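Visitor: Attaching a predicted model along with its sequence, questions to come.
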Amino acid sequence: MVTIATWNVNSIKARLPNALDWLKDFAPDVALLQEVKCLAENFPRLEIEDLGYNVAVVGQKSYNGVALLSKEPLEDLQEGLPGDDDDEQARYLEATTFGLRVASIYLPNGNPIDTEKFPYKLAWMERLRARAEALLALEEPTILGGDYNVIQNDDDVYDPKAFADDALFQPETRAAFRRILNLGFTEAYRALHHEAHRYSFWDYQGGAWQKDNGLRIDHLLLSPQAADRLEDCDIDRKPRGQPKASDHTPVWCRLLA
DNA sequence: ATGACTCGCAACGCGAGA
């Protein structure tokens, strides 16, 4: 069995005590982190290595940044999403570990939709689709996990009407995500849970956590070779209820050996 | 209740997040 979890930590430095507690308690074999918000050289590598993890980071100053943590070596790193050499945003890191190809993905937010941010999001999603297609062709167990910044269905948001003009909920966004899924990926949580309104993100504002006003936007996409081994998957709400919490909470899956 | 966010930053309010 191997347990893989994804978590947008909203700054690894601000979240270090929370992240270390979670790594000790939940102890995933592999963790995909997003929004570490630091240069790779400033990532708190030693503290995490002390817990038995190998660490790989694609960082940038202040914004974005993704990392992979694994209890086995991380090999054959792919740093950055192919398809645009001018894109300097740190949003993608892929590696092989535990015999799995895993990617930590921080998909662009895309708001407001009447700015250049929205077409950047859609173009990024098309690049991800192309990468996902190439990975599927390898016919290996592959997990593309992260903060997709996509609300795929009405029951993945507490108030669909309130998100009508939001980049996460636009028809173009949902279509682009559907194109990736339809290549042949299994979205792990929905494969095992049919309950509506199960969220992975709650805004800091307006008592969203207390009211359960959330979004389900953090996903684990499994290739057929990984999906065949899917044993369990869930959302770990505990970290969101801790002091100084990230606004996202981890989503994890467990694969048979 | 007339109200309540959090991060980084050569910061001291702003941009970004979703």
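Guide: Thanks, I have it. Numbers count the residues shown, from 1 in each chain, chains lettered A, B, ... in the order given.

Visitor: For A:Arg240, list the residues it contacts.
Guide: A:202, A:209, A:246-249 (Cβ atoms under 8 Å, 6 or more residues apart in numbering). All C-beta atoms are positioned from the backbone trio N, CA, C, and that covers glycine.

Visitor: With DNA strand B as the reference, measure out to it.
Guide: 12 Å (Cβ to the nearest atom of the strand, to the nearest Å).

Visitor: Quickly note the distance from that residue to A:Asn18.
Guide: 10 Å (Cβ to Cβ, to the nearest Å).

Visitor: Narrow the contacts of A:Arg240 to those in helices?
Guide: Secondary structure defined by DSSP state H assigns A:Trp209 of the contacts of A:Arg240 to helices.

Visitor: would you turn the contacts of A:Arg240 into CSV with neighbour count, distance to DNA strand B and pLDDT?
Guide: Output for these, formatted as CSV (neighbours: other Cβ atoms under 10 Å; distance: Cβ to the nearest atom of the strand, whole Å; pLDDT from 0 to 100):
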residue, neighbour count, distance to DNA strand B, pLDDT
A:Trp202, 25, 9, 98
A:Trp209, 19, 10, 97
A:Ser246, 25, 8, 98
A:Asp247, 19, 6, 98
A:His248, 24, 7, 98
A:Thr249, 24, 12, 98
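
Visitor: possible to save the contacts of A:Arg240 as CSV with distance to A:Glu49?
Guide: CSV is the format used below for the contacts of A:Arg240 (distance: Cβ to Cβ, whole Å):
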residue, distance to A:Glu49
A:Trp202, 31
A:Trp209, 31
A:Ser246, 21
A:Asp247, 27
A:His248, 24
A:Thr249, 24
